Structure formats: structure tokens, C-alpha cells
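[1] 3D model of this:
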Amino acid sequence: MTVLAFAEQRNGKMPKAAYEALSQGRRIADSMEDNLYVCLVGNNVSGLAEEIAACGGDEILMCDSEVFSSYQTETYAAVLTAAIRELEPGIVLMGYTSMGKDIAPRVAERIGAGLISDCTDMEVKGNEIYFIRPMYAGKVFTRVRVRTPVKICTLRPNNFRVDKKQGKGELRKFTAEVPEVRAKVTKIKVQESKRPELTEAEIIVSGGRGLGKAEGFRIVEEVADTLGAAVGASRAAVDAGWRPQQHQVGQTGKVVTPNLYVACGISGAVQHLAGMGSSRCIVAINKDPDANIMKMADISIEGDLYKILPELENQIREFKGRET
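    Next up, the predicted model:
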């Protein structure tokens, strides 16, 4: 079975989710005793070939042109569709990112492929692949088998390990017929932050309605910066205008899978749990011992978060000082 991975990039940089897709593609290709093909689209992106090869890429189909300097659904989908039609892979992998969520269903519809979104694990048995994905806000996990010749799968970030395994790294210039775009990108505004991107963060410190005010996020940010973590928020905090929408964790926000999730003043509504319930370790800080988040947390701390968080920050700093 031929494996194709889509190497998502923006401004010449690949997100962690792209490396995860490459590594998972390499593992599947090895189990099938086949090559890993990679589709790379962008402008002046040939420099990424070495990184792709280091994650196992054997042949890189590169479509490099000024036309692809900014992500456009129509143009990128056209290239990936053309690559799939040429290679006829059994499986196509990409990250469950904003780009992956946008492009995967469009490409799947064009080639009549089955689409498995938000995949958290895979089982390879012989020539068959079974996909594991959450349903009903993460309450259950289903094991899916897709019968279409081509299967497109988007991988939930932080669920697939990144391995370094050198591939052949053969770079091939690839061309595809690109349609005229119906919408023109005139400006891209990127939120600059020194903190990790929420969906890729190993540690997340989130605040909710229990903070009581927007200013309460200052102590959340201080703890996050001490840990080198990203800052998240519940929908209630976002709806109150305390944090921007891109920080929202939950069913209507971002789905995250960090190694450590610290929930501060968050009750644990089912919509929020759907976005962070698969975190490897959950620490909940709340006054209410009966809050949903306290019941599902690995570590529950009952009390006033305005007293607990400063002490937690001091303890982290002392621990880091002892380490050095």
C-alpha cells in the first residue's frame, strides 16, 4: 500500500502536526514494505526537503511557485488532488489542524475517498488499517475500517510520536493545473506570541469563569510562563471577553492533547471536556469539590486559586532552581 503524507507548511515552517504525519506515514510504509511519498506545496520551500527526509520521506513531490505563497483552499486542494491521482496511494495522512480540516474533506470529495478525521491511533493488520477516533464528545472511541481504495486521515496533534528515520529524500518537481481562485488573500494577520501554539503545546494552563474577572488571567499567564506552557480558556471565559477566541479549548474551540493540562476555575462542562479530556495528566484547581473537572482530574486541588496558583508558581521556580 502506497502512503502519501501532506507536509503542511506556512512561511517555510512546518508545524509539529506535519512531523507527526510524516513519522506515522513512515511507520505505516515500513509495515507495508513500501515507500513514503510526500506532497509539499508552497513558495521557496525546497529547504524543507532535508527535514522531510529526516522523518522518513522517500520521494517528495514539490509544487513550488509564487502562486502558493499564501494558503488558498482551491490551489492547495488542486495540487494534493493531482498528486493523489498520479500516485494512487492507499492512504493519505495530514494533521488535524485548521489547514487539514479545510483541505481534507474537499480533496476526499473530489476523488471519492473515505475520510477519517481527528484520528488518535491506528492499528495495522496485514494489508488492513483500522482507525481509532473519538465520538460523542470523546465519551466513546470507535474503531473504523474504510473500504474506499484511497483513505484520507487527519491526525489529532500530540497523539503520534515523531521519529527520526532517514528516508531517500528524492526531490521531484511536481506541477498541477491550478484553478482560478475565487477569493483573494490581501493580508494575513498573525497573532505573535512567545508561548507555544495551543494545539501543539506539551503543557497548557487554562482559566475559566471561576477566575471571576479578566485580570485573573495574569496569574494564569505567570504560571504558564514559568512552566513554558500555552494559555487556554473555557468558553465561558471567552464569551465574557476575558480571552480571545483562539485560546478557547473545547468542542467549539480547539481540541488539545498535552502531557499536562492545568484547569484553573473551570467547572468541566461536557463541551470543555471534549476538547481536553484526552490530556495525559489533568490537574484541576477549584473551590467546588463536586465540579465535573475535579472528578475526572488525575490531581484535584480544592481551594482558592488566587492562593494556590502563586504558591504553585513559587514551588515550580524553586524546583527549577534546584535542577540547575
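[2] quick one: the helices in this protein?
    Ranges of helices within the chain are 16-31, 49-54, 73-87, 98-111, 217-227, 235-239, 270-276, 292-296, 305-323, based on DSSP state H.
[3] and those helices, which is most packed in?
    helix 16-31 (a mean of 24; mean count of other Cβ atoms under 10 Å). Bear in mind the C-beta positions are built from the backbone N, C-alpha and C, glycine included.
[4] other SSEs contacting that helix?
    In terms of contacts (3 or more Cβ pairs under 8 Å, 6 or more residues apart in numbering; DSSP states H and E), helix 16-31 is packed against strand 3-6, strand 36-42, strand 91-95, strand 121-125, strand 151-155.
[5] okay if I get the helices of the chain as a markdown table plus distance to Ile188 and mean pLDDT?
    Compiled in a markdown table, the helices of the chain are given as follows (distance: least, Cβ to Cβ, whole Å; pLDDT from 0 to 100):
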| stretch | distance to Ile188 | mean pLDDT |
| --- | --- | --- |
| helix 16-31 | 19 | 96 |
| helix 49-54 | 23 | 96 |
| helix 73-87 | 14 | 96 |
| helix 98-111 | 13 | 96 |
| helix 217-227 | 26 | 96 |
| helix 235-239 | 23 | 96 |
| helix 270-276 | 26 | 92 |
| helix 292-296 | 36 | 94 |
| helix 305-323 | 35 | 90 |
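[6] Tabulate the ones you listed in TSV, adding columns for distance to Val140.
    Output for the helices of the chain, formatted as TSV (distance: least, Cβ to Cβ, whole Å):
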stretch	distance to Val140
helix 16-31	23
helix 49-54	35
helix 73-87	31
helix 98-111	21
helix 217-227	31
helix 235-239	22
helix 270-276	12
helix 292-296	15
helix 305-323	32
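[7] And those helices: which comes nearest Val249?
    Set against Val249 and scored by Cβ to Cβ, those come closest in helix 270-276, at 4.5 Å.
[8] Please write out the alpha-carbon positions of the closest one in CSV.
    Extracted in CSV, the C-alpha atoms of helix 270-276 (Å, rounded to 0.1, in the frame of the first residue of the first chain):
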residue,chain,number,x,y,z
VAL,A,270,-19.1,18.4,28.7
GLN,A,271,-18.1,20.7,25.8
HIS,A,272,-14.8,21.7,27.5
LEU,A,273,-14.0,18.1,28.4
ALA,A,274,-14.5,17.1,24.8
GLY,A,275,-11.6,19.4,23.9
MET,A,276,-9.1,18.3,26.6
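[9] Since that was my last question, I'll sign off now.
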